[in-house]
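[1] Predicted structure and sequence below. I'll ask about it afterward.
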Amino acid sequence: QQPVQSPQAVILREGEDAVINCSSSKALYSVHWYRQKHGEAPVFLMILLKGGEQMRHEKISASFNEKKQQSSLYLTASQLSYSGTYFCGSPTSGTYKYIFGTGTRLKVLA
Amino acid sequence: KAGVTQTPRYLIKTRGQQVTLSCSPISGHRSVSWYQQTPGQGLQFLFEYFSETQRNKGNFPGRFSGRQFSNSRSEMNVSTLELGDSALYLCASSLDGGGSVSGVNSPLHFGNGTRLTVT
């Protein structure tokens, strides 16, 4: 089962904040976050490791709670360029299989 | 460093035909994985190759197959195309693949994809 992301979609005004959650029913060994703009390939944003520190990419940060099998992406003071679909992704140990979350569509309006 | 290159960008095929998609990974990356992306199903894992060996396969029928060459380039083949195969097919490369003990930290770098339309 793929991790479930919430919300499914969100619309923001420039400068507003947003949180995207990724929740898995299976153990996560690390979490990667990607952003895919319309018509483009997904682009890696950051990686969260078990026991690791919160990561940041520009004004986007993320956290990982391995006990709850959840990760959250925090977008601060959103910019127009943040628009796109955000995916969490996780490799599955021992299976060489990579699973993606259900995705969250984010639109930032001027 | 050159990114992941996928060819062709667009394909239009009819039902029953077969298609081959190509992917050249980032230099030095030995793992290539393939994904199908559709509006309804999101990003679905097809298979992953490392050093010419398929290490895992997703829940797709046997019509979907792939291979990896000694230079890490990979091809994906879909035979007997069906309308439901219409999708964006993405290839990703990484240093050593997600899922392995050493690869748990390796993110994926995607190509721009091949948009396949089956009529």
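    That came through fine.

[2] What segments of the chain are strands?
    I went with chain A, as the question did not name one. Remark: strands assigned in chain A by DSSP state E are A:4-6, A:9-13, A:18-23, A:30-36, A:43-49, A:55-57, A:60-65, A:70-75, A:84-92, A:97-100, A:104-109.

[3] Switch to chain B, please.
    B:5-7, B:10-13, B:19-24, B:31-38, B:42-50, B:53-57, B:64-68, B:74-78, B:87-94, B:109-110, B:114-118.

[4] Could you check what's spatially nearest to the residue nearest to the spatial centre of chain B, not counting adjacent residues?
    The residue lying closest to the centre of chain B (C-alpha atoms, centre = their mean) is B:Trp34, at 2.4 Å. Spatial nearest neighbour of B:Trp34, chain neighbours left out: B:Leu46 (4.0 Å); criterion: C-beta to C-beta, 6 or more residues apart in numbering or on different chains. C-beta: built from backbone N, CA, C; applies to glycine.

[5] and the one you found, what is it in contact with?
    Contact analysis of B:Leu46 by C-beta atoms under 8 Å, 6 or more residues apart in numbering or on different chains lists B:33-36, B:57-58, B:60, B:64, B:66, B:76, B:89.

[6] okay, among the residues you listed, which ones form the most distant pair?
    B:Lys57 and B:Tyr89 (15.0 Å; C-beta to C-beta).

[7] of the two, who's got more company?
    B:Tyr89 (23 against 17; other C-beta atoms under 10 Å in any protein chain shown).

[8] can you put the strands of chain B in TSV and add mean pLDDT?
    Formatted as TSV, those follow (pLDDT from 0 to 100):
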stretch	mean pLDDT
strand B:5-7	96
strand B:10-13	97
strand B:19-24	98
strand B:31-38	94
strand B:42-50	91
strand B:53-57	89
strand B:64-68	97
strand B:74-78	98
strand B:87-94	95
strand B:109-110	93
strand B:114-118	97
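
[9] Among those strands, single out whichever gets nearest to A:Tyr34.
    strand B:109-110 (8.1 Å).

[10] Would you give the sheet partners of the closest one, along with the direction of each?
    The pairing partners recorded for strand B:109-110 under DSSP bridges are strand B:87-94 (antiparallel).

[11] Now do the strand it pairs with: everything it contacts.
    With C-beta under 8 Å, 6+ apart, strand B:87-94 has contacts from A:41-42, B:4, B:6, B:21, B:23, B:25-26, B:29, B:31-38, B:43, B:46, B:72, B:74, B:76, B:103, B:106-111, B:113-116.

[12] Drop anything exposed from those.
    Buried members of those, scored by 16 or more other C-beta atoms under 10 Å in any protein chain shown, are A:41-42, B:4, B:6, B:21, B:23, B:25-26, B:29, B:31-37, B:43, B:46, B:72, B:74, B:76, B:103, B:106-111, B:113-116.

[13] Could you pull up the residues touching the residue nearest to A:Gln70 when sequence neighbours are not counted?
    Nearest residue to A:Gln70, sequence neighbours excluded (C-beta to C-beta, 6+ apart): A:Ser23, at 4.9 Å. A:Ser23 makes contact with A:3-6, A:68-70 under the criterion C-beta under 8 Å, 6+ apart.

[14] Can you tell me the closest non-neighbouring residue to B:Phe69?
    Nearest non-adjacent residue to B:Phe69 (C-beta to C-beta, 6+ apart): B:Glu52, at 6.8 Å.

[15] pretty sure the one you found contacts B:Ser70?
    Yes - contact status for B:Glu52 versus B:Ser70: in contact at 6.3 Å, counting by C-beta atoms under 8 Å.
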